[in-house]
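Asker: Sequence and predicted structure, then a few things I'm wondering about:
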Amino acid sequence: KNEVEQSPQNLTAQEGEFITINCSYSVGISALHWLQQHPGGGIVSLFMLSSGKKKHGRLIATINIQEKHSSLHITASHPRDSAVYICAYNFGNEKLTFGTGTRLTIIP
Amino acid sequence: KAGVTQTPRYLIKTRGQQVTLSCSPISGHRSVSWYQQTPGQGLQFLFEYFSETQRNKGNFPGRFSGRQFSNSRSEMNVSTLELGDSALYLCASSYGAGLNTEAFFGQGTRLTVV
């Protein structure tokens, strides 16, 4: 069983819709990372958070440490947001453990 | 500021051969981590280097090795290639030691073993 569960695995939405991707983990963590991977492979680090909420443009990430749950929200979604979104955690200096990713497709 | 640069971008090798991949971190970053991504296993951590020392190692066989140079550039080597080694290999650099810092990823090297 993967220690990091993401849902949904695939998500298709219309341009402009509000998007939520969820990430649940089963262990204590130091930080939770949200990553974006476009076709072609390159990965962009979107957020690293250990508590509360962070916002960058149309992207918002939240984490609830007690419930071991994080969400990534995209407001006013756009076709260029189409990508695979991956959450990952680390504990101290231990390795990053990754979720399996959520494939998001935004239709114009 | 230049990003993380991985070379080559694509590589085709034959079973049994060995391969060396290169990663140049963002200027000033001293930590480099390597990851393997396959359709079946997803992203998996290979190893992390900081100031030329391996700090963490993932659960991969000894055929996978790496090193870091004094200028923080890193190489990973895979010997006796197997078909299952076909994957996207990503490296990431960060300023501080350990993995609890923001990482910046390269575009990856796509290795195909035939």
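Answerer: On my side now, so go ahead.
Asker: can you tell me which helix or strand the spatially most central residue of chain B belongs to?
Answerer: Closest residue to the average C-alpha location of chain B: B:W34 at 3.2 Å, with Cα atoms, centre = their mean. Assessed by DSSP states H and E, B:W34 sits inside strand B:31-38.
Asker: For the chain, which segments count as strands?
Answerer: Went with chain A since none was named. According to DSSP state E, chain A carries its strands in the segments A:4-7, A:10-14, A:19-25, A:31-37, A:43-49, A:52-56, A:59-64, A:69-74, A:83-90, A:97-98, A:102-107.
Asker: right idea, wrong chain: chain B
Answerer: Using DSSP E, the strands of chain B run over B:5-7, B:10-13, B:19-24, B:31-38, B:42-50, B:53-57, B:64-68, B:74-78, B:87-94, B:104-105, B:109-113.
Asker: Counting neighbours, what do you get for residue 75?
Answerer: Here I'm looking at chain A. Neighbourhood size, A:T75 [other Cβ atoms under 10 Å in any protein chain shown]: 13. Quick note: C-beta positions are derived from backbone N, CA and C, even for glycine.
Asker: hmm, I had chain B in mind actually
Answerer: B:E75: 17 surrounding residues under other Cβ under 10 Å.
Asker: what does chain B have sitting close to chain A?
Answerer: Residues of chain B lying near chain A by Cβ under 8 Å from any Cβ of the partner chain: B:33, B:35, B:37, B:42-45, B:48, B:55-56, B:58, B:88, B:90, B:92, B:97-108, B:110.
Asker: From those, list the buried ones, please.
Answerer: Taking 16 or more other Cβ atoms under 10 Å in any protein chain shown as the criterion, what is buried in these is B:33, B:35, B:37, B:42-45, B:48, B:56, B:58, B:88, B:90, B:92, B:98-100, B:103-108, B:110.
Asker: for chain B, what are the nearby residues on chain A?
Answerer: Chain A has residues A:30-31, A:33, A:35, A:40-45, A:48, A:86, A:88, A:90, A:92-101 near chain B, with proximity defined as Cβ under 8 Å from any Cβ.
Asker: which residues touch the strand holding B:W34?
Answerer: A:41, A:96, B:23, B:25, B:43-50, B:55-56, B:60, B:66, B:68, B:72-74, B:76, B:84, B:86-99, B:101, B:103, B:108 (Cβ atoms under 8 Å, 6 or more residues apart in numbering or on different chains).
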